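Student: give me a 3D structure for the following:
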Amino acid sequence: MQKSNIIIRSLSLLLIATVIFSCKLEKDNQTTESSNASNGNKRNYKTYCNPVDIDYSYMSHYRAENKVSYRSGADPALVNFKGKYYMFVTRSHGYWMSDDMSNWTFITPQNWYFKGSNAPAAAVKDGKIIVYGDPSGRGPIIETDNPELGDWKTKYAVLNPPGGIQDPDLFVDDDGKVYLYEESSNLYPIRVVELDADNYYVPKGEQKDLFNLHPDKYGWERFGQDHKSDIEPYLEGPWMVKHNDTYYLEYGAPGTQWNVYADGVRTSKSPFGPFEYAPYNPISYKPGGFLKGSGHGSTVKDNNGQYWHYATMAISVNYKFERRIGMYPAGFEDNGQMYVNTAYGDYPHFLPDTKVDKHKERFTGWMLLSYNKPVTTNSGLVTKEINVVDESDSGYMLGQIREFDISKINDEEIRSYWVSEVNDDSIYVQVDLEKKMSVKAIQINFQDFNSDIYGRPDDLRQQFVIEGSIDGKSWQTISDYSKNTRDMPHGYIELNKPMNARYVRYNHVYCSNNYLSISEFRIFGNGFEAVPQTPANFKVERQADRRNTNLTWDKVDNATGYVIYWGISKDKLNLSALMYDSPNYELRALTTDQSYYYQVEAFNENGISAKSEILFTE
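Tutor: Numbers count the residues shown, from 1 in each chain. A predicted model of the protein is given here:
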């Protein structure tokens, strides 16, 4: 009897120890961010993922006509003011502030443009931020020394150049002189005029014409998807950066709704020019991947002395001007060449305050695990008609993707999306990664299907729980946002530490829209198997139209996709394009009288192959 009691007690202690160990294991593996999400606390992330996850404002342009509702954020103007970053965005009814480029707080200013600013310009001058963004194209400079409060004061001097002011940029030179650059047109050139900082910022003299587009010579300046339209391209969004003794005047082209929307640069030794076309153009270019385009941007220096480029990225579903913001590491080579690195530009990257060996190379190496993997849901198929402003017949917008089935949730196309029949806590979406993977981050991109929201309601939120499992039976919470009060339309979740899982499940709780709609449920991390082989038989052939080059290579069996790189010198292949599944690419962004170098690599869930040999064309 005594021996039996000892055995029972031993078994009990063993059971208790097992339970304690299991609880500890579960706690150790717990990656939930529920407290931060629910209470709006600061996220202590080391990484970010494009698009920038801010509470984008809903536009109201078509409310009176047909009640089309959509979020948008475009034309970012970034300034570093007293160690904090302020981001001014088109028609947002305010602006955002951050001290780390990760946590952004929206500021509703005391005084602001009633209809929201349009393609706002911002600069720092004498302890104040100065702004111009009057939607009418005519108005005064406004300023404040307290942007967190937003007590903006007007200079009471309406700037009214011929044709008005479109897509302005304010540049303050080292000597304190202030210049206004502006234009958004497929007809008129970028212009400049000096403003009198001692006299209400009124123009000093007449505007000077600087340059226009030349799509016949510069392939990336051609209009349309993949530069395949004959419509005259748009020149817009100037932004001036001075580095050493050189003025770098950035400009956007050929059209904000296209995958090839980009920023180029021209250089000069004077803010008035003449400006020379940079042979390495464009500088900011992202024609492939989940979120495409990287034009009409601004370049800002962070608190560590490194440059970042913020740019406009296209969705163009509910309206051609439905857009988002992307951020990329930027800077200048030793020879003065400007660069913006968009390679793997919508995968997780390290934030400014995370130390890396090279600022130019901030990609984490966390690969996309969820692309086209088997996905299931308990929601039925939605077949309702969409309420959008469709201008595809005019050539100014891509055609609509009208199927809303569950396969659209992980096809790496932001313009396609899944729609749930109902918006309640009964709905789930489950992705089978097919093998055990190390999950490190998740991004949930919500879409506005038949939305009825306008402006900036203060109760917008998305609530959900993310779970992971090895076997599809025993589930563990990854992130608990069931009580979230933060509006996060592109919710990016960096796990506290990696979690091994084969299955990842989104359990819906609530979202503010009438419909639960998700354009992409993205899972990042790394697999445990081999990276792909280097693409073989890599060839390049310049076409008779020298703006174009054909790049071909053999398909790699276990590759998810490929990235090509090109540039004007072997050691500066700063431009890139990403494509999924199929090899080969027609590069249509070249300058007719410029020679180029090219390289290709393959990638999959496990990592990236070694790069190919570098090839050259005259």
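Student: output the below-cut-off pLDDT ranges for this structure.
Tutor: Across the chain, the ranges flagged by pLDDT under 70 are 1-40.
Student: residue boundaries of the helices in it?
Tutor: Assigned by DSSP state H, the chain shows helices spanning 2-29, 34-39, 63-66.
Student: touching the last one from outside, list them.
Tutor: In other words, helix 63-66. Ser69, Asn387, Val389, Tyr454 (CB atoms under 8 Å, 6 or more residues apart in numbering). Every C-beta, even on glycine, is put in place using the N, C-alpha and C of the backbone.
Student: switch to 7 Å and redo it
Tutor: With contacts defined as CB atoms under 7 Å, 6 or more residues apart in numbering, helix 63-66 is touched by Asn387, Tyr454.
Student: let's have the chain start at 29 instead
Tutor: Yep, numbering from 29; the last one is helix 91-94 now.
Student: quick check on the nearest residue to Gly635 once chain neighbours are set aside: phi, psi?
Tutor: Nearest non-adjacent residue to Gly635, counting by CB to CB, 6 or more residues apart in numbering: Val559, 3.9 Å away. For Val559, the backbone dihedrals (degrees, to the nearest 10) come out as phi -70, psi 160.
Student: residues contacting Val559?
Tutor: Asn632, Asn634, Gly635, Ile636, Ser637.
Student: run through the bridge partners of the fourth one.
Tutor: Looking back up the chat, that one is Ile636. Beta bridges link Ile636 to Phe631, judged by DSSP bridges.
Student: what's the burial count for it?
Tutor: 19 (other CB atoms under 10 Å).
Student: can you give me the strands in the stretch 379-528 of the chain?
Tutor: 395-396, 403-405, 446-447, 456-474, 490-497, 503-508, 518-539 (DSSP state E, counting those that start in this stretch).
Student: re earlier: the residue nearest to Gly635 and Ile636, how far apart?
Tutor: 6 Å (CB to CB, to the nearest Å).
Student: hang on, the earlier thing: which of the contacts of Val559 are buried?
Tutor: Neighbour counting with 16 or more other CB atoms under 10 Å marks Asn632, Asn634, Gly635, Ile636, Ser637 as buried within these.
Student: what's the farthest-apart pair in those residues?
Tutor: Pairwise distances across the buried ones among the contacts of Val559 (CB to CB) peak at 10.0 Å, for the pair Asn634 and Ser637.
Student: test my guess that Gly252 contacts Trp286.
Tutor: Yes - in this structure, Gly252 is within contact of Trp286 by CB atoms under 7 Å, at 6.0 Å.
Student: next one: the residue nearest the centre of the chain from Gly252, what distance?
Tutor: In the chain, the residue lying closest to the centroid (CA atoms, centre = their mean) is Gly354, at 2.4 Å. Distance, Gly354 to Gly252, by CB to CB: 21 Å.
Student: ok, now Asp573?
Tutor: The value you get for Asp573 to Gly252, if CB to CB is used, is 15 Å.
Student: what does Phe549 give?
Tutor: For Phe549 relative to Gly252 (CB to CB), the value is 30 Å.
Student: go on, Gln471?
Tutor: Applying CB to CB to Gln471 and Gly252 gives a distance of 29 Å.
Student: which one's more surrounded, those two?
Tutor: Using other CB under 10 Å, the more surrounded residue of Gln471 and Gly252 is Gln471, with 24 against 19.
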